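Student: Kindly return the folded structure for what I paste below:
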Amino acid sequence: MRIGTVSLGHTLNPEAPPGGEGKGSMNETTDAMDRTIVGSVVRDVTCVVDPKATLRTVAGAMVETGEALAVVVDGLSVSGVVSEGDIVRALHDGADLDEVWASDAMTEDLLVIDVDTPVSEAMKTMIEARVRHLIVHRAESPGLVSLAEVVSSVLDSD
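Tutor: Predicted structure coming up:
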């Protein structure tokens, strides 16, 4: 797991090798989690917004795509993400949906994992960071994985 910047269509230079140091398995579910990699559940980013999009526009894009996370893209670079929680926090703080931009509410410190990371490591990262989505580093373009997809992959492998 790394915290960093992702560029669309460009390779991210890892500062450290991907997680998933060989851990012993206690049962079949743990074995399945260690064998299954994030690359098998990663999906394309479908909800992309401009940093200058209003929170109303961001929320609309999330509803239209059925996503709980919008990826904020400035040119070819991923600047951050706006989650449902980010919008709720902004509203709680008195934000006007038509006056506050995605760049004002977004999370900039992105949690990035590689496609070959075991789903067990992705799950652990999400739980520890208290997030439901991770950006996945892929050679062709960033991907996205959710906690629900990771858990589902483990349950389906039994």
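Student: what residue lies at the spatial centre of this structure?
Tutor: The centroid of the chain falls nearest to residue 134 when counting by CA atoms, centre = their mean (2.4 Å).
Student: Quick check, that one in contact with residue 111.
Tutor: Yes. If you go by CB atoms under 8 Å, residue 134 and residue 111 touch, sitting 5.1 Å apart. Any C-beta I mention is one placed from the backbone N, CA and C, and that applies to glycine too.
Student: Outside of the helix or strand where the residue nearest to the centre of the chain lies itself, list whatever touches it.
Tutor: Under the criterion of DSSP states H and E, residue 134 resides in strand 133-137. Strand 133-137 is contacted by residues 1, 6, 12, 14, 38-39, 42, 68-69, 71, 78, 81, 83, 110-115, 122, 125-126, 142-147 when judged by CB atoms under 8 Å, 6 or more residues apart in numbering.
Student: For residue 80, give me phi and psi.
Tutor: phi 170, psi -170 (degrees, to the nearest 10).
Student: Dihedrals phi and psi, the nearest residue to it once chain neighbours are set aside?
Tutor: The shortest distance from residue 80 to any non-neighbouring residue, by CB to CB, 6 or more residues apart in numbering, is to residue 106 (3.5 Å). Per-residue torsions, residue 106: phi -70, psi 160 (degrees, to the nearest 10).
Student: Residue 96 now?
Tutor: Per degrees, to the nearest 10, the backbone of residue 96 is at phi -90, psi 120.
Student: now swap in residue 144 and tell me
Tutor: phi -140, psi 140.
Student: Tell me, how many residues neighbour it?
Tutor: 19 (other CB atoms under 10 Å).
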